[in-house]
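K.L.:
sequence first, predicted model second:
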Amino acid sequence: MEDSDSMLSDTVFRRSVLKNITEYRSGSQGILSAVSNGRYAVIDACNALACRGGEPEGINAAVTIPDSYDEKLLKKLIADIDAQCRTCGTHIEDVAVSTSQHIRKPVITASAFGRSSEEMPAGMQKAGGNLDIIASGSIGMSGIMNVLDSHMDEAKKVYADSVINAAAADAGKLSVADRASLAAGAGASYLVAAGDGGIYAALWRLAADNGCGFDINLRDIPVKQEIIEMCELFDINPYELSSTGCMLMTAEDGCGIVDVLNENGYDAVVIGHTTKEKAKMMHLEDEVRYLDVPRNEESERFIQL
């Protein structure tokens, strides 16, 4: 069978699932979930929880593997999920593994659950218009790993190991929990973690969640030079590349948020501002673009099937 199973993107899930449910609540435990075809489903789920002011108390993981999947690869996959839990300071509460003849690569679902304060968490507050938008963490770190997994030989023909290693993600830098806590304490009104779909998907979510538009400068979005070079090699749009480890925040005083994060060793920069109008404007030098509905994850086409 040629077709492989796939999971709904976050954009489609919000547009076609959540918006058609009369009442949706995360529950008294602050239950959140994240679904990903990539390797960072656990970290993505915990990042989503952190942006709503919660701390993970456990992870429920579900893994579906192809019928012919090698057991050694399964052991490595589960060990990686466990390592992500330790990176996020949590543990696996439950894990289920099933097989399917209709897929050619593993499908990982991770649900993080935890408690949040009784007050409305920062990540659920409305951003509104005329607020600074701050970005922290390089885009594309997790996505470029998916590309290198199946195209490392091609990359090594062009770049030195030092360039490849600099582009590769350090899992320890993909959690946004500490940054989210610092930003919320410094006055951030809305926080959202990037993941599948890249920074474009995170910007789209920011606008959709808050009923606003934005005006940003694409050149100001943080990205490693090595990731840009890898994207050029494989003809990838870095703004649509999975970006676990990057997060967006809004605040009246964006420079104040930047200062707090910088003082604590985290990179951050103001990339633009929200607008009361719904237009999603992006400046690239003298060119003005408008963000359309984000496409599927760019690195999906590079994953070894």
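P.N.:
Everything's here; your move. Residues are numbered from 1 along each chain as shown.
K.L.:
so what's residue 99 bridging to?
P.N.:
residue 65 (DSSP bridges).
K.L.:
that one contacts residue 69, doesn't it?
P.N.:
Yes: counting by Cβ atoms under 8 Å, residue 99 touches residue 69, with 7.3 Å between them. Using the backbone N, CA and C atoms, a C-beta is placed for each residue, glycine as well.
K.L.:
the two - which one has more neighbours?
P.N.:
Taking neighbours as other Cβ atoms under 10 Å, residue 99 and residue 69 compare with residue 69 leading, 19 against 13.
K.L.:
the more buried one: helix or strand, and which one exactly?
P.N.:
Per DSSP states H and E: residue 69 is located in neither a helix nor a strand.
K.L.:
is it correct that it is in contact with residue 106?
P.N.:
Yes: Residue 69 is within contact range of residue 106, at 7.0 Å (criterion: Cβ under 8 Å).
K.L.:
which one is the residue nearest the centre of the chain nearest to, not counting chain neighbours?
P.N.:
Taking Cα atoms, centre = their mean, the centroid of the chain lies closest to residue 195, which sits 1.6 Å from it. Using Cβ to Cβ, 6 or more residues apart in numbering and skipping residues adjacent in sequence, the residue nearest residue 195 is residue 44, 4.4 Å away.
K.L.:
check the gap between the one you found and residue 87 for me.
P.N.:
Going from residue 44 to residue 87 by Cβ to Cβ, to the nearest Å gives 12 Å.
K.L.:
those two: who's more crowded?
P.N.:
More crowded of residue 44 and residue 87, by other Cβ under 10 Å: residue 44, with 29 against 18.
K.L.:
three-state assignment of that one?
P.N.:
helix (DSSP: H, G, I helix; E, B strand; the rest coil).
K.L.:
kindly report the same for the one 4 residues further on.
P.N.:
Following three-state DSSP, residue 48 is assigned to helix.
K.L.:
surely it touches residue 194?
P.N.:
No: checked against Cβ under 8 Å, the pair residue 48 and residue 194 is beyond contact range at 10.5 Å.
K.L.:
higher neighbour count, those two?
P.N.:
For residue 48 versus residue 194, neighbours defined as other Cβ under 10 Å are more numerous around residue 194 (30 against 22).
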